[in-house]
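Asker: sequence first, then the predicted structure, then my questions.
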Amino acid sequence: GAGVSQSPSNKVTEKGKDVELRCDPISGHTALYWYRQSLGQGLEFLIYFQGNSAPDKSGLPSDRFSAERTGGSVSTLTIQRTQQEDSAVYLCASSPRGRAGVTDTQYFGPGTRLTVL
Amino acid sequence: GQNIDQPTEMTATEGAIVQINCTYQTSGFNGLFWYQQHAGEAPTFLSYNVLDGLEEKGRFSSFLSRSKGYSYLLLKELQMKDSASYLCAVSFDRGSTLGRLYFGRGTQLTVWP
């Protein structure tokens, strides 16, 4: 079946502009995660959704970052007033359950490469 | 972070065996994943360990020691296509943070002919 998809694949923006990144998880997966990967750094957790709610937003680096998920499916990560340090690859992952006490495999999308000039 | 440590780079030759180590803090440990990531691509799942011991999957095996906070990924009969970054990721049993993974910085493996 279809995997996790993300759009756009590449985004170049100017400092101060807002951007929206989209993630379509694997159908039926209730858990959805956003990570970002900066050059030479490990994947950094941003936010986790269980259904439409976000029990863990602790990784969002500032209040310029927000995310929502609707219908238990598509998620949008919004970065307001982008800064150069926001440049990174933003990866989305989904897993079947993400249920407390059970760790299940996360499947990653191809990512959105964001460049802030 | 949770001090997920792995070597930055490794090199090996085609046909050889390579072992990539990963250490982590043991408190609240829930499970450990290995992912492979080729340049410019998404990480792909390789293995999952939750109990002590060795999990074998073809040319790839992964080992876990929960008490030592230690895992390794073993790649046998290396092929050029195995050149990639190998990511160690750990999940911890901590309330609302269940499900999130803590990643090491990745080990860039280069396989030479």
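Answerer: Structure received.

Asker: which residues sit in contact with the residue minimising distance to the centre of chain A?
Answerer: The centroid of chain A falls nearest to A:W34 when counting by C-alpha atoms, centre = their mean (2.8 Å). Going by C-beta atoms under 8 Å, 6 or more residues apart in numbering or on different chains, A:W34 touches A:C23, A:F45, A:L46, A:I47, A:Y48, A:G59, A:A67, A:S75, A:L77, A:Y90, A:L91, A:C92. (C-beta placed from N, C-alpha, C; glycine too.)

Asker: near chain B, list only the ones from those.
Answerer: By C-beta under 8 Å from any C-beta of the partner chain, the members of the contacts of A:W34 lying near chain B are A:F45, A:Y48, A:G59, A:L91.

Asker: neighbours of the last one, just the number please.
Answerer: Other residues lying near A:L91 total 26 when counted by other C-beta atoms under 10 Å in any protein chain shown.

Asker: quick one: the strands in chain B?
Answerer: B:9-13, B:18-23, B:29-37, B:44-49, B:53-57, B:60-65, B:70-75, B:84-92, B:102-103, B:107-112 (DSSP state E).

Asker: deepest-packed of the ones you listed, please.
Answerer: Highest mean neighbour count among the strands of chain B (mean count of other C-beta atoms under 10 Å in any protein chain shown): strand B:84-92, with a mean of 24.

Asker: name the residues of chain A found near chain B, please.
Answerer: So chain A meets chain B at A:4, A:31, A:33, A:35, A:40-45, A:48, A:50, A:55-56, A:58-59, A:91, A:95, A:98, A:100-101, A:103, A:105-111 (C-beta under 8 Å from any C-beta).
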